[in-house]
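**Student:** Fold the following, please.
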Amino acid sequence: MKLNKKVVESMTVTSAMLVMTTITAFGGSTEDSKSGLTETVVLSKGGRAGIISELCDKEMDRLNESGMITASIGRGQRDIVSKSQADAAETEDAAGSAAGVGEFAAEAAAQSVETDAAEVTADVPAVEEIVEEEAPEQSLEESKWQNLVMANVEEDMNIRTAPDESAELAGKFYRGDVAEVVSVEGEWTQISSGNVTGYVKNDYLVYGMEASELANEVCSIYATVNTDGLRLRSEPSEEAEVVTTASSGDKLKVDKDAAADEGWVAVHTSDATAYVSAEYVGVELNLGTALNSEEVAAKEAEEAEEKAAESAKKPAASANADEVTLLGALIQCEAGNGSYEGMVAVGAVVMNRVRSGAYPGSISGVIYQGGQFPPALNGSVANVMANGVRSACLQAAREAISGVDNTNGAVSFRSAASGYAGTVIGANVFF
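**Tutor:** Residues are numbered from 1 along each chain as shown. Predicted coordinates for the structure are as follows:
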């Protein structure tokens with residue numbers, strides 16, 4: 001640390017005092033080389049009058065000139081001499097005075113050093129101010145989503161081969177899809193998801209924990225069963241009624257709106273909410289991935305086919321449970337040993353007749369119309385109903401009643417071996 005000017009000058013005063021005191025003690029004198037005059041200063045009984053008086057005069061002059069609190073002494077224009085060896089007691093007193101002055105100067109120097117040190121210390125910031133706070137440790141969820149992004153759109157957004165709106169399409173990023181961030185370049189982010197890598201606009205993305213929040217909001221959650229014979233219960237309790245069972249590998253959709261006790265997971269069944277032990281399922285978000293251009297084309301073609309089939313679908317007919325069972329029994333008799341498509345086709349023929357206006361306007365009226373369906377007239381249908389209709393046949397009956405028609409409007413069918421022209425489905429030809 002650089003010494004304060006005040007300290008240096010105080011040390012100079014001390015040295016000067018000691019020299020002059022020694023000279024005085026031995027009766028010496030100093031002579032002004034220019035004037036040749038010698039001036040004697042008589043020490044008082046206290047030992048300080050001469051030297052201190054002279055020093056104080058010089059000190060006050062300096063203070064008045066500079067306004068600074070300093071202590072200095074230079075070589076004056078006149079020499080200070082002491083009384084010659086007149087009195088041994090005075091000499092001894094002078095030595096004591098010099099020691100006193102030395103102590104006084106040393107004390108002043110020490111105070112100056114302390115003041116200077118205090119000033120330096122005041123300039124040093126407190127330790128706690130310069131020590132940076134440690135960053136909080138990330139949670140597992142934050143770590144998982146740190147480099148992930150999701151599309152914050154209603155349906156989908158374009159992925160391009162370059163960060164330019166005129167660049168070629170590389171694929172599509174759909175609502176509910178997740179991607180890894182490769183880089184961020186201005187207004188664009190390069191992502192990698194599924195079989196596509198490309199650029200998307202930042203304006204339509206959410207990152208990190210915001211992406212996690214969006215995923216939990218818009219994505220389904222599935223519980224994957226990891227054991228055979230898992231019981232689904234009506235309440236989150238081992239004492240509750242068993243609704244059904246699930247096998248290892250089955251995926252059960254989690255009911256996000258249902259409250260479940262700790263250790264239980266609420267899942268959807270066909271007509272209600274059931275509960276499974278959390279110990280036997282793995283729960284995770286059903287996150288999607290982006291599609292490349294070829295995958296997008298295939299998806300859109302499939303959607304177009306489904307839309308066309310929906311458009312061709314006949315209006316649903318109203319039917320009670322007995323009518324569903326009756327149609328299912330006829331289907332079982334006519335096509336029960338064939339494909340599921342063949343079963344739906346038989347049901348569609350019956351429903352096309354109901355809607356046509358050329359036949360009876362009810363399912364039972366069409367089935368029992370004379371000369372039309374032999375199984376209904378010979379008692380086979382009634383026998384099947386009495387013994388129970390197979391579930392696949394009942395499902396085919398429901399589809400036909402809902403308006404599904406894979407026969408192109410056929411109202412009749414024969415065995416495919418009959419040679420009739422028409423649409424062959426399963427073992428029958430429909431026309």
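**Student:** Could you verify my assumption that Asp261 touches Pro236?
**Tutor:** Yes - with contact defined as CB atoms under 8 Å, Asp261 counts as touching Pro236 (4.3 Å). Where you see a C-beta, it was placed from the backbone N, CA and C, and this is true even at glycine.
**Student:** So between the two, which is more surrounded?
**Tutor:** Each of Asp261 and Pro236 has its neighbours counted (other CB atoms under 10 Å); Pro236 has more, 20 against 11.
**Student:** Which element, helix or strand, includes Glu399?
**Tutor:** helix 391-402 (DSSP states H and E).
**Student:** Quick one: residues in contact with that helix.
**Tutor:** 313, 316-317, 319, 323-325, 327-329, 331-332, 336, 340, 343-344, 346-348, 350-351, 363 (CB atoms under 8 Å, 6 or more residues apart in numbering).
**Student:** do the same with stretch 407-424
**Tutor:** 334, 345-346, 348-349, 352-353, 356, 358-359, 425-431.
**Student:** same thing but at 10 Å, please
**Tutor:** For stretch 407-424, the external contacting residues (CB atoms under 10 Å, 6 or more residues apart in numbering) are 312, 314, 334-335, 338, 341-342, 344-353, 355-356, 358-359, 366, 372, 400, 406, 425-431.
**Student:** And stretch 315-328, by the same measure?
**Tutor:** 336, 343, 346-347, 350-351, 354-355, 361-364, 366-368, 376, 381-382, 384-385, 388-398, 400-404.
**Student:** Would you mind checking the residues you listed for buried ones?
**Tutor:** Buried members of the contacts of stretch 315-328, counted by 16 or more other CB atoms under 10 Å: 336, 343, 346-347, 350-351, 354-355, 363, 366-368, 376, 381, 384-385, 389, 393-398, 400-401, 403-404.
**Student:** For stretch 267-276, measure first residue to last.
**Tutor:** 7 Å (CA to CA, to the nearest Å).
**Student:** Return the set of buried residues in it.
**Tutor:** Buried, per 16+ other CB under 10 Å, within stretch 267-276: Val267, Thr273, Ala274, Tyr275, Val276.
**Student:** Which of the residues you listed sits closest to Asn226?
**Tutor:** The shortest approach to Asn226 among these belongs to Val276, at 10.8 Å (CB to CB).
**Student:** Wait, a strand at the closest one?
**Tutor:** Yes - membership of Val276 in a strand is supported by DSSP: H, G, I helix; E, B strand; the rest coil.
**Student:** pLDDT value on it, please?
**Tutor:** What the model reports as pLDDT for Val276 is 94.
**Student:** Ok, Gln395 next?
**Tutor:** We have a pLDDT of 94 for Gln395.
**Student:** how close does it sit to Pro315?
**Tutor:** Remark: distance between Gln395 and Pro315 (CB to CB, to the nearest Å) = 20 Å.
**Student:** before we move on, back to that, filter the contacts of stretch 407-424 down to just the ones in strands.
**Tutor:** Ile425, Asn428, Val429, Phe430 (DSSP state E).
**Student:** Take those residues and write them to a markdown table, including pLDDT, neighbour count and distance to Tyr174.
**Tutor:** A markdown table is the format used below for these (pLDDT from 0 to 100; neighbours: other CB atoms under 10 Å; distance: CB to CB, whole Å):
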| residue | pLDDT | neighbour count | distance to Tyr174 |
| --- | --- | --- | --- |
| Ile425 | 92 | 23 | 35 |
| Asn428 | 92 | 26 | 41 |
| Val429 | 91 | 22 | 42 |
| Phe430 | 93 | 26 | 38 |
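**Student:** For stretch 235-246, output the C-alpha coordinates as CSV.
**Tutor:** Taking Å, rounded to 0.1, in the frame of the first residue of the first chain, the C-alpha atoms of stretch 235-246 are listed here in CSV:
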residue,chain,number,x,y,z
GLU,A,235,-62.7,-46.9,-6.8
PRO,A,236,-59.1,-46.3,-5.8
SER,A,237,-59.2,-49.1,-3.2
GLU,A,238,-58.2,-52.8,-3.2
GLU,A,239,-61.6,-53.5,-1.7
ALA,A,240,-63.4,-51.9,-4.7
GLU,A,241,-65.2,-53.9,-7.4
VAL,A,242,-63.2,-55.1,-10.3
VAL,A,243,-64.5,-53.6,-13.5
THR,A,244,-62.2,-55.4,-16.0
THR,A,245,-58.6,-56.5,-16.3
ALA,A,246,-55.6,-55.5,-18.5
